[in-house]
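1. Prediction below, plus the sequence it came from.
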Amino acid sequence: MTWSKEDLKIPRTPDRPGFLMFLAVINIIGGVFFIGFDIFWGWSIGKMASDVIGVHPIEIVLNILFLGVLSISSGIGILKATEWGWHHALYYYVYAIMRYITAISYLDDWPSEAFAKHSIEYQYVKFSVRIIISILLIWYLFSPRVLQYFRLEGMVKKPVLKKIGIFVGCVFAIEIITQLFTQ
């Protein structure tokens, strides 16, 4: 039996939107940075955060590790045009919004020395801008061209929104449980 080139062809994915390539690379590099940072400085940063806002160091270490793994997996999934890659990217940006909201909620608890370089007002603006950027990236992930790239054109959005709600609920539950067991 002989095989022709046509028999061996891998089905072609729709062309990748250029900005997705940028997001994939940024997510992979960012994830590697987060994990490297976590390995070398996670515990000491966690101890400082613990002293400032009362969060246990292990919570900081686990959050940074989760962020790194989710970031890398979303970048790889985007490059491979997988459905899970789209979902991981979506969860990554939803998680980012949650982190920024949490950071804003803790700003008033930070000591004044924490604002030696930038004022508290600057911090509010910085985290608010990051929330807006994350919302825009989520909106981009739902754009027709991106959905076509991931072969999700006919996707029903309601189950996806339910999954996001469950994800958000689980993250908050883990945060609450961690707070209960580490204080």
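-> Okay, I see it. Values in this document were obtained by computation on a predicted structure and should not be read as measured data.
2. What is the longest helix of this protein by residue count?
-> Of all the segments of type helix in the chain, defined by DSSP state H, the longest one is helix 18-53.
3. I would like the residues contacting the very next helix or strand once past that one, please.
-> For helix 18-53, the succeeding helix or strand toward the C-terminus, using DSSP states H and E, is helix 57-80. For helix 57-80, the external contacting residues (C-beta atoms under 8 Å, 6 or more residues apart in numbering) are 20-21, 23-28, 30-35, 37-38, 42-43, 45-47, 49-50, 84-89, 91-92, 95, 99, 175, 178-179, 182. To be clear about C-beta, it is placed using only N, CA and C from the backbone, and glycine gets the same treatment.
4. which stretches of this structure have low pLDDT?
-> Counting by pLDDT under 70, the chain contains low-confidence ranges at 1-14, 53-54, 111-116, 178-179, 181-183.
5. Can you tell me the centre-most residue of it?
-> Tyr92 (2.3 Å; C-alpha atoms, centre = their mean).
6. Secondary structure element for that one, which one?
-> helix 83-106.
7. What helices and strands are in contact with that helix?
-> helix 18-53, helix 57-80, helix 120-141, helix 157-182 (3 or more C-beta pairs under 8 Å, 6 or more residues apart in numbering; DSSP states H and E).
8. Would you mind saying which of the ones you listed lies nearest Gln148?
-> helix 18-53 (11.3 Å; C-beta to C-beta).
9. Give me the buried positions along that closest one.
-> 20, 23-24, 27-28, 30-31, 34-35, 38, 42, 45-46, 49-50, 53 (16 or more other C-beta atoms under 10 Å).
10. Ok, stretch 98-114 next?
-> Neighbour-count burial for stretch 98-114 [16+ other C-beta under 10 Å]: Met98, Arg99, Tyr100, Ala103, Ile104.
11. Then stretch 57-77?
-> So for stretch 57-77, counting by 16+ other C-beta under 10 Å, buried means 57, 59-65, 67-68, 70-77.
12. Over to stretch 157-164?
-> Buried, per 16+ other C-beta under 10 Å, within stretch 157-164: nothing.
13. pull the CA atoms of that stretch into CSV?
-> Extracted C-alpha coordinates of stretch 157-164, given in CSV (Å, rounded to 0.1, in the frame of the first residue of the first chain):
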residue,chain,number,x,y,z
LYS,A,157,-21.8,30.7,25.4
LYS,A,158,-24.1,29.9,28.3
PRO,A,159,-22.2,26.7,29.4
VAL,A,160,-18.9,28.6,29.1
LEU,A,161,-20.2,31.3,31.4
LYS,A,162,-21.4,28.7,33.8
LYS,A,163,-17.9,27.1,33.8
ILE,A,164,-16.4,30.6,34.5
